[in-house]
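[1] Sequence first, then the predicted structure:
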Amino acid sequence: GGVHDALLRMELEAIAEGQTCASTPGLSRREVEAAAKEFYASLYAPPLPSFEGIKDPVLRKYARRETARGVADAYRFLYEAVTDESRGGYEDLSFLGHDPEQVETLLSL
């Protein structure tokens, strides 16, 4: 979504010294907080597809695990960027309700 895309742009572009996530378009505290709330809500309402259309149970389990890993990795990327003291720029991080390890646990990784 928007927050992930903004983070990727920030990583890929030549960033001026001193620019923070908080000062990057698409990464305001309000935007990141809204994305985090939506993400956390989805963790309790199965955020991942069931892959019931895949008949092979081994392949279905692999697809679920790899999808969950991708979600967890994207969350870790966001979490590490916004909590980094030199890159984050957010004064209040209380909107981050879970650390990456907790998200992995919730996704059964």
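    Noted; the coordinates are in hand. Numbers count the residues shown, from 1 in each chain.

[2] how much space is there between L43 and T105?
    Going from L43 to T105 by CB to CB, to the nearest Å gives 10 Å. Quick note: C-beta positions are derived from backbone N, CA and C, even for glycine.

[3] Check L93 too.
    On the measure of CB to CB, L93 and T105 end up 20 Å apart.

[4] Give me the most central residue, the chain.
    In the chain, the residue lying closest to the centroid (CA atoms, centre = their mean) is Y75, at 2.3 Å.

[5] Please tell me I have it right and it contacts L43.
    No - Y75 is not in contact with L43 according to CB atoms under 8 Å; the separation is 9.5 Å.

[6] Between those two, which contacts overlap?
    Residues touching both Y75 and L43 (CB atoms under 8 Å, 6 or more residues apart in numbering) are V103.

[7] What part of this protein, helix or strand, is modelled with the least confidence?
    helix 2-12 (a mean of 63; mean pLDDT, DSSP states H and E).

[8] after that helix, next one along is what?
    For helix 2-12, the following helix or strand on the C-terminal side (DSSP states H and E) is helix 29-43.

[9] State the mean pLDDT of that next one.
    Averaging pLDDT along helix 29-43 gives 90.

[10] Pull out the buried positions in that helix.
    Across helix 29-43, burial judged by 16 or more other CB atoms under 10 Å covers R29, E31, V32, E33, A35, A36, F39, Y40, L43.

[11] Only alpha carbons, please: show that helix as PDB.
    C-alpha atoms of helix 29-43 as PDB (Å, rounded to 0.1, in the frame of the first residue of the first chain):
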ATOM      1  CA  ARG A  29       2.800   9.900  11.600                       C
ATOM      2  CA  ARG A  30      -0.900   9.900  10.800                       C
ATOM      3  CA  GLU A  31      -0.500   7.800   7.700                       C
ATOM      4  CA  VAL A  32       1.800   5.300   9.300                       C
ATOM      5  CA  GLU A  33      -0.400   5.100  12.400                       C
ATOM      6  CA  ALA A  34      -3.500   4.400  10.200                       C
ATOM      7  CA  ALA A  35      -1.600   1.700   8.200                       C
ATOM      8  CA  ALA A  36      -0.400   0.100  11.500                       C
ATOM      9  CA  LYS A  37      -3.900   0.100  12.900                       C
ATOM     10  CA  GLU A  38      -5.400  -1.500   9.800                       C
ATOM     11  CA  PHE A  39      -2.600  -4.100   9.700                       C
ATOM     12  CA  TYR A  40      -3.000  -5.000  13.400                       C
ATOM     13  CA  ALA A  41      -6.800  -5.400  12.900                       C
ATOM     14  CA  SER A  42      -6.100  -7.700  10.000                       C
ATOM     15  CA  LEU A  43      -3.900 -10.000  12.100                       C
END
